[in-house]
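Colleague: Would you be able to build a 3D model of this:
(2 chains)
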Number of protein chains: 2
Amino acid sequence: MKLDLSATIVDMELGYEIILNEEDAKELGVGARERVNVSKNGKSIVAIVSIAKKSIKKGEIGVTPKVAEKCNIKDNDVVEVSPALRPISVDYIKKKLDGLALTEEEYREIVKDVVSNNLSEIELTAFVTALYIHGISIDEAVYLTKSMVESGERLNLKKKPVFDKHSIGGVPGNKITLLIVPIVAAAGLTIPKTSSRAITNAAGTADIMEVLAPVTFTADEIEEIVNKTNGIIAWGGGVNLAPADDVFIRVEYPLAIDPRALTLCSVMAKKLAVGANYVAIDMPVGSEAKVTSIKEAKEFARDFITLGEKLGITVECAITYGEKPIGRAIGPALEAKEALSTLENGRGPGSFVEKATDIAGMILEAGRVARRGSGKEVALEYLKSGKALEKMREIIEAQGGDPKIKSNDIQLGEYREKIVAQNRGYVTRISNKALIKIARTAGSPKDKGAGILMHVTKGEKVKEGEVLFEIFAEKSYKLEAAVKLAYQLNPISIEGMTLARIPEYSLFYY
Amino acid sequence: MKLDLSATIVDMELGYEIILNEEDAKELGVGARERVNVSKNGKSIVAIVSIAKKSIKKGEIGVTPKVAEKCNIKDNDVVEVSPALRPISVDYIKKKLDGLALTEEEYREIVKDVVSNNLSEIELTAFVTALYIHGISIDEAVYLTKSMVESGERLNLKKKPVFDKHSIGGVPGNKITLLIVPIVAAAGLTIPKTSSRAITNAAGTADIMEVLAPVTFTADEIEEIVNKTNGIIAWGGGVNLAPADDVFIRVEYPLAIDPRALTLCSVMAKKLAVGANYVAIDMPVGSEAKVTSIKEAKEFARDFITLGEKLGITVECAITYGEKPIGRAIGPALEAKEALSTLENGRGPGSFVEKATDIAGMILEAGRVARRGSGKEVALEYLKSGKALEKMREIIEAQGGDPKIKSNDIQLGEYREKIVAQNRGYVTRISNKALIKIARTAGSPKDKGAGILMHVTKGEKVKEGEVLFEIFAEKSYKLEAAVKLAYQLNPISIEGMTLARIPEYSLFYY
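Modeller: Sure thing, here's the model as predicted:
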């Protein structure tokens, strides 16, 4: 059964999809979300079917740009369409739904189809939810990680061993990579850091670094820069490392789930793909962080270490405090400014410098450029001596930015408003989630100058009317919306030292 | 944050979706699969976002017909678009993913959003896979069933009690409803049967009945017909009973999963919606049926009975033999002809008459028109006496068909080919799945005259060259493809009484 149909290019980001008129779909015996073979002049592809009643007429086929490109299809070309079988990987997904362990070959097949956009959102979601519910064994994690690496590019750096770090996300202001990379690279160790843009946070490391220099590079360019400077802070999306991860995120994000198994394999796949021999993992624990208890963090850390062993990567985890922002700045430009200023002055906000030098120190010790136990001290020395700043300038220049940039040059959003305390007392709680929402409403991460600058920290005593934080925006209506949200969400709780009085009303006064 | 955009109606069956240019989406801070409020002149709806790069330009919005209808939007109208929150039901889906039981209110909220197309395919899939993996408690089944009923229409029939039947699908040729309804209605009992069209099978009851009479009726029309004739065989899709079921099927089908919990609740919701007091459930067991073992069938039957008790419906289950087709005919016209001929002659193929009168007998006993133990006998009497035929003609007429239609009038596909035995022996196995595939390739259920007529049954002795079955098609190329598939799949296994000889080659002959 096949039909010859006349093509119309339909510019929608649907991946490998085609659109049939409902009559032709019936004739072919295919329904929405099923698959057809589309071919023209011997070039052929499997595509997923959408169905239209009128916008695509009988005898026509709507073709998304990806399909058009693969088969070299132009408007009005005649293409042959026939029903296709569902890929074998759907059977493996079903097997995982049934709670069974998959083999290496089965994971490879699934990841191959994930990366080539051969699975519908329904099938992808079923796979991700099955991993979320059933989890995976350590052997399966090895198979999935290796499959993810095989499906993408790999770096081949000259100077080994290769060091890397990763932060499990969720904490705002976590700009520590901008200190760690220059410190580690200044100490002569190789650190090819690829980072993400923010999906749910106010700013990703790639968003922040982009304020200082370009971040989009091919694998070859990354190799060249790292061979020259020892380090880089690049956007992971520019290079095709473990590309299945991006596809999984498309499904995880709307459900607000983060299957532990997928985080584990995605992180380790990216590290394996850059050729890392050692990885330091920053795992923030907090009531609003991805990991909410120390017990959970220890288990998760153990999984990373065990998987690392099986893959030949040494993993060390730092379980960190995740109940407040890191440093004072939240948002791309504000964070870039805070990081650069810290490098310039050799000092900065306590939580920021503490955490960055702790983790840089772990890497320095692993790289044998600091004695066991003295890593943090050596890291601080690189910061204070200006060597880290010098290295950062080298890296900015190698990435194509202006090496002379000063923290004071960085443009912040011109619309600003200070949020003040409504009562006196102590800062008893800071809601990271609320701060992130406010920063995003102000325009972060799209508007680089938007964000939040904290004026107080947890435990601090404040007076009524004292500034708690300042909101920055590039557009006045976004500032307005963010300020409104700030008063609504009230991200900073201020309470007297006496939190409650029992009974609330005493007869004594009457 | 909101934008005023100019509308273009995009005729795609995407449900409540809109398409934004990627620039506008960024400006609004919404990604693909997220939600926006779309409003015009005070009419407002929540829609799910797709993103285009070029086909929808900056400043424009693509609007699917459903959205256009709800807000009365025409081409070039200016509509206001702003980000919307994700519905609370997504939190409940996440709760179910985490293996927790949901409350009545939570199921009601989910079903409300399912029916109003307010959930994306990702969210729907997560819910269905969570039900598939975790299952549900009997209390949850009550909540889900009631929510499904509340979200749709209900019948209110005059003559009570109301009887109904349901077959768990998967067995080809299962046209028993066409005998059961006229027998039960002839005996004076009310049986408002709504049936489905085939999704994966060769013919659904609605597809078969449609050969004899129209099957699409509103709830009012069904009530009118049943009040007159006691019975009907209508297409369930024409009336809005428990509409969530259709939405769940959209997700289940591509994954080839059939969560037990959803089947249970969907079936019982439809029965509750027609006001049934008694339901007979036909549960075929076979290696290729939905239920594969007697043990499984008993558990599933117990679930139906328990849920029925909680809903005030008496349920009886017949666990039936599902290793071969029912009767000889497979495909809409062939099955309609076999059923009508059986009614005309008062007899027909053993498996068909046996099964139909067994289940009709259960209903007659429940309706006190046959003594306990004599239901089957009474059912056979209605068949043999011609009373069932007479009632069937009444029903056909009431549904708008020709009451004088004879089985010989029914048009079958004119392209036919007989498939013959390649060797002699006994029919040891019949693959229902293979027969269904062949019938569908021949054109079933879309081409009503397409299908298969069986010439042999399981256990029968056949000679080489003897006809095993005949394929019917309305189009020659479909017949050709079906014949090719028949030889490839070889749905009928023929073996000598000695199935194997050990050792295969003996030295004795040398």
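Colleague: okay, CA-based contacts and neighbour counts for the rest of this
Modeller: Noted.
Colleague: roughly how far is stretch A:87-98 from the heart of the chain?
Modeller: Shown here is stretch A:87-98, whose average C-alpha point lies 27 Å from the average C-alpha point of the whole chain (CA atoms, centre = their mean, to the nearest Å).
Colleague: State the mean pLDDT of it.
Modeller: Looking at stretch A:87-98 alone, the average pLDDT works out to 94.
Colleague: Buried residues, that stretch. List them.
Modeller: Within stretch A:87-98, the residues that qualify as buried are A:Ser89, A:Val90, A:Tyr92, A:Ile93, A:Lys94, A:Lys95, A:Lys96, A:Leu97, counting by 16 or more other CA atoms under 10 Å in any protein chain shown.
Colleague: With secondary structure as extra columns, can I get the residues you listed in a markdown table?
Modeller: As requested, the buried residues of stretch A:87-98 are exported to a markdown table (DSSP: H, G, I helix; E, B strand; the rest coil):
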| residue | secondary structure |
| --- | --- |
| A:Ser89 | helix |
| A:Val90 | helix |
| A:Tyr92 | helix |
| A:Ile93 | helix |
| A:Lys94 | helix |
| A:Lys95 | helix |
| A:Lys96 | helix |
| A:Leu97 | helix |
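Colleague: out of those residues, which touch chain B?
Modeller: When the buried residues of stretch A:87-98 are checked against chain B using CA under 8 Å from any CA of the partner chain, the ones in range are A:Val90, A:Lys94, A:Leu97.
Colleague: What strand or helix carries the nearest residue to the last one once chain neighbours are set aside?
Modeller: Counting by CA to CA, 6 or more residues apart in numbering or on different chains, A:Ala130 is the residue found nearest to A:Leu97 once chain neighbours are left out, at 5.1 Å. A:Ala130 belongs to helix A:121-134 when assigned by DSSP states H and E.
Colleague: OK, contacts around A:Gly231?
Modeller: Under the criterion of CA atoms under 8 Å, 6 or more residues apart in numbering or on different chains, the neighbours of A:Gly231 are A:Val181, A:Pro182, A:Ala185, A:Thr190, A:Ile191, A:Pro192, A:Lys193, A:Ile225, A:Ile395.
Colleague: Alongside chain B, which residues does the stretch 401-510 of chain A contribute?
Modeller: Counting by CA under 8 Å from any CA, the residues of the stretch 401-510 of chain A near chain B are A:Lys446, A:Tyr477, A:Lys478, A:Ala481.
Colleague: Looking at those residues, which are in helices?
Modeller: Among these, the members found in helices (DSSP state H) are A:Tyr477, A:Lys478, A:Ala481.
Colleague: Surely the second one is in contact with B:Lys2?
Modeller: No: in terms of CA atoms under 8 Å, A:Lys478 does not count as a neighbour of B:Lys2; the distance is 10.6 Å.
Colleague: who has more neighbours, the two?
Modeller: Applying other CA atoms under 10 Å in any protein chain shown to A:Lys478 and B:Lys2 shows that A:Lys478 carries more neighbours, namely 21 against 14.
Colleague: contacting residues around the more buried one?
Modeller: A:Lys478 neighbours (CA under 8 Å, 6+ apart): A:Thr441, A:Ala442, A:Gly443, B:Met1.
Colleague: now with 6 Å?
Modeller: Applying CA atoms under 6 Å, 6 or more residues apart in numbering or on different chains, one finds that A:Lys478 lies in contact with A:Ala442.
Colleague: Up against chain B, what does chain A have?
Modeller: Those residues of chain A that sit near chain B, judged by CA under 6 Å from any CA of the partner chain, are A:Asp11, A:Met12, A:Glu13, A:Ala52, A:Lys54, A:Ser55, A:Ile122, A:Thr125.
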